[in-house]
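K.L.:
Sequence first, predicted model second:
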Amino acid sequence: MFTFAVVWYSVAALLLAYWIITCIYDLYFHPLAKYPGPRIAAVSQLWYASVYTGGNWPFIIEQAHRKYGDVIRIAPNELSFCTPQAFKDIYGAATKTKKLFPKSELFYGETGAKDTNIAYERDPDTHAVLYKLFAPSFRPQALRDQEHLIHNHVDLFVQQLCRWSRENSYVDVSKAFEWLTFDIMGELAFGESFGAVKNGQSHTWVSILLGAVYSTSVVQLKKRLPILEKALPWLATKQVLEEWAQHQAATMERVQKRIQMDESMGERQDLLTHPIRSGKLSAAELANNAQVLLTAGAETSATTLTAITYLLATHPGSRARLADEVRVAFTSADQITAAAAGPQQLPYLNAVIEEALRIFPRRRWARPASPRLHLNPRNAPSPRSFHPERWLVSSTDDSNSTKPYTAAFSIGPRACLGISLAYIELRVALAKIVFALDWELVGEPFDWPSACRLTQLWKKAPLQVRYTPRKDEVEKIPVLKVEEEP
Ligand code: HEM
């Protein structure tokens, strides 16, 4: 007799049979079956999802590459590569024999007009239009014109590092560098700083942005696990949704203000000057792009500066060598400029920056070649060691050593638009801090990189540092010119 129970059992048995057959197919007959990797990753998205949501993505992917090799299967239809050649093939520009490898739709989801921005846009033609609008603001002359703003922020920051260290006995640099870089990007994109360094605390706009980015990492998985799409409204709390709506409104307000300021800015240019004057983007599109410029530009530089601080504090020999280089090259802090801190002038400072970018690359990327290639021992011997000297090998050296291949800013048509700006910030900030201050970690030593988690962006573990002025140099640094936050 037909009962509901029989129907349910039959449906369950059919589903189970279907699942078993799919697993057998994925494991033995799928076109990717020959690639090694965790067995569970070959048959389901669950491995990927659990690794990603736990924040340990880079560490586990690196371990998996160490265990299984240079090409590994990380999901039923997905491979991860970690060799320089694969990186060049995947990220490089299209050629006569090679098509462009687009950003993955699994990563960015669909982009409609509402979502389009320079970093997320997948369509090459639409991206090219946006690129033409934003690129002029990142050209060398445009950046040179804005460099003095960066100096104002860095000079104030150096003074504040001393003040905070004196008053609180340490500074959590994981936060402090975010204050600095978001203030700089706020000034360069919205025409006004967030005033976080001045006030010694995060601005609400930034806290909500970072909070939302960290807490919505699960959104990244909705294309892989469609069930999440239905569950998302329940996963995000009412408060998060309300805060996010307020944040969007505040972004729009800042952009409207920036548009109104445009005429009074005269010759002065910033990152939005060209897109605004082109008249090709609506206020909503400008706001969306400004937000992505801030996130792409500030969090990345802050993470790199925090990583450099940790690496130098734990490698006193490297710090002493860097201090020697900087303190011999300059007799006062106002001689320090991005050009005067370039690779020809300060090779060791630039080697330190490259080495930190190698060890602690930016977040997970939208295509399958992993930046963990930086930690491939065939690319960089003893890859976990901080060894800036590996960047000082010259092409005329007799030894067999070569510089590692790294691509911290990516390559090809979707490479970082802000690379020159990033180097200006990193060189100026590092040179000025090293010139004026000494520093030491506070508390029990710990492995800071392993305590950080990747949830879309790096969620950095607190890093407590005590700064002390080197002689009287701090007093010589010009005092701040940053406007008060209204
Ligand atoms: C240490 C600092 C930085 C690092 C390591 C870094 C790294 C990267 C990487 C790896 C990408 C490619 C991402 C992908 O393929 O998914 C990228 C894209 C981008 N970055 Fe940066 N970045 C840094 C600083 C900056 C700064 C200061 C800005 C200035 C606003 C910026 C703006 C952008 C933009 C707009 C894109 C998207 C480019 C496009 O798709 O055309 N970045 N960055």
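P.N.:
Happy to help now that I have it.
K.L.:
pLDDT weak spots in the stretch 201-350 of the chain?
P.N.:
Applying pLDDT under 70 to the stretch 201-350 of the chain flags the ranges 215-220, 228-229, 231-238.
K.L.:
What residue in the protein comes nearest to the ligand?
P.N.:
Nearest residue of the chain to the ligand (Cβ to the nearest ligand atom) works out as residue 418 at 2.0 Å. All C-beta atoms are positioned from the backbone trio N, CA, C, and that covers glycine.
K.L.:
contacting residues for that residue?
P.N.:
138, 293, 296-297 (Cβ atoms under 8 Å, 6 or more residues apart in numbering).
K.L.:
helices or strands up against the helix or strand harbouring residue 156?
P.N.:
Residue 156 is located in helix 140-168, with elements delineated by DSSP states H and E. Of the remaining helices and strands, those touching helix 140-168 by 3 or more Cβ pairs under 8 Å, 6 or more residues apart in numbering; DSSP states H and E are strand 171-172, helix 173-190, helix 196-199, helix 419-436, strand 437-441, strand 464-469, helix 473-476.
K.L.:
From the chain's centroid, how far away is the second one?
P.N.:
Right, the one you point to is helix 173-190. Distance of helix 173-190 from its chain centroid, counting by Cα atoms, centre = their mean, to the nearest Å, is 13 Å.
K.L.:
change the start of the numbering to 8 and stick with it
P.N.:
Shifting the count to begin at 8 puts that one at helix 180-197.
K.L.:
Only alpha carbons, please: show that helix as PDB.
P.N.:
Only the C-alpha atoms of helix 180-197 are listed here, as PDB (Å, rounded to 0.1, in the frame of the first residue of the first chain):
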ATOM      1  CA  VAL A 180      49.100  49.500  15.700                       C
ATOM      2  CA  SER A 181      46.600  47.200  14.100                       C
ATOM      3  CA  LYS A 182      44.100  50.000  14.700                       C
ATOM      4  CA  ALA A 183      46.400  53.000  14.500                       C
ATOM      5  CA  PHE A 184      47.600  52.300  11.000                       C
ATOM      6  CA  GLU A 185      44.000  51.900   9.900                       C
ATOM      7  CA  TRP A 186      43.300  55.400  11.400                       C
ATOM      8  CA  LEU A 187      46.200  56.800   9.400                       C
ATOM      9  CA  THR A 188      45.500  55.200   6.000                       C
ATOM     10  CA  PHE A 189      41.700  55.800   6.200                       C
ATOM     11  CA  ASP A 190      42.400  59.500   7.100                       C
ATOM     12  CA  ILE A 191      44.700  59.800   4.100                       C
ATOM     13  CA  MET A 192      42.200  58.100   1.700                       C
ATOM     14  CA  GLY A 193      39.300  60.100   3.100                       C
ATOM     15  CA  GLU A 194      41.200  63.300   2.300                       C
ATOM     16  CA  LEU A 195      42.200  62.000  -1.200                       C
ATOM     17  CA  ALA A 196      38.700  60.700  -2.100                       C
ATOM     18  CA  PHE A 197      36.200  62.800  -0.200                       C
END
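K.L.:
related to what we said a few turns ago, which stretch among the helices and strands packed on helix 147-175 comes nearest residue 53?
P.N.:
helix 180-197 (31.1 Å; Cβ to Cβ).
K.L.:
Now the closest one: average pLDDT?
P.N.:
The average pLDDT within helix 180-197 is 96.
K.L.:
That one vs strand 471-476, what angle?
P.N.:
With axes from the mean of the first three to the mean of the last three Cα atoms, to 10 degrees applied, the angle from helix 180-197 to strand 471-476 works out at 70 degrees.
K.L.:
Which one of the contacts of residue 425 sits in the busiest neighbourhood?
P.N.:
Each of those was scored for neighbours by other Cβ atoms under 10 Å, and residue 300 scores highest at 25 neighbours.
K.L.:
In three-state terms, label it for me.
P.N.:
At residue 300 the chain is in helix, as set by DSSP: H, G, I helix; E, B strand; the rest coil.
K.L.:
how much space is there between the nearest residue to it once chain neighbours are set aside and residue 128?
P.N.:
Spatially, and ignoring its direct neighbours in sequence, residue 300 is nearest to residue 196 (5.3 Å; Cβ to Cβ, 6 or more residues apart in numbering). Between residue 196 and residue 128 the computed distance is 18 Å (Cβ to Cβ, to the nearest Å).
K.L.:
circling back: and the furthest pair within the contacts of residue 425?
P.N.:
Pairwise over these, using Cβ to Cβ, the maximum falls at 145 and 303, 11.8 Å.
K.L.:
which helices and strands does the helix or strand hosting residue 355 pack with?
P.N.:
Residue 355 is located in helix 354-366, with elements delineated by DSSP H and E. When contacts are defined as 3+ Cβ pairs under 8 Å, 6+ apart, helix 354-366 packs onto helix 307-320, helix 323-336, helix 426-443.
K.L.:
Turn these into CSV, including mean neighbour count.
P.N.:
As requested, those are exported to CSV (neighbours: other Cβ atoms under 10 Å):
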stretch, mean neighbour count
helix 307-320, 24
helix 323-336, 16
helix 426-443, 23
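K.L.:
can you put these in TSV and add distance to residue 413?
P.N.:
Converted to TSV, the helices and strands packed on helix 354-366 look like this (distance: least, Cβ to Cβ, whole Å):
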stretch	distance to residue 413
helix 307-320	13
helix 323-336	18
helix 426-443	13
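K.L.:
wait, which of those helices is closest to residue 13?
P.N.:
Judged by Cβ to Cβ, the one of the helices and strands packed on helix 354-366 that comes nearest to residue 13 is helix 307-320, at 58.1 Å.
K.L.:
Need the contact partners of that closest one.
P.N.:
So helix 307-320 is in contact with 180-181, 184-185, 187-189, 325-326, 329, 359-360, 362-364, 366-367, 369, 393, 429, 432-433, 436-437, 446-448, 455-456, 464-465, 467, 470, 472, going by Cβ under 8 Å, 6+ apart.
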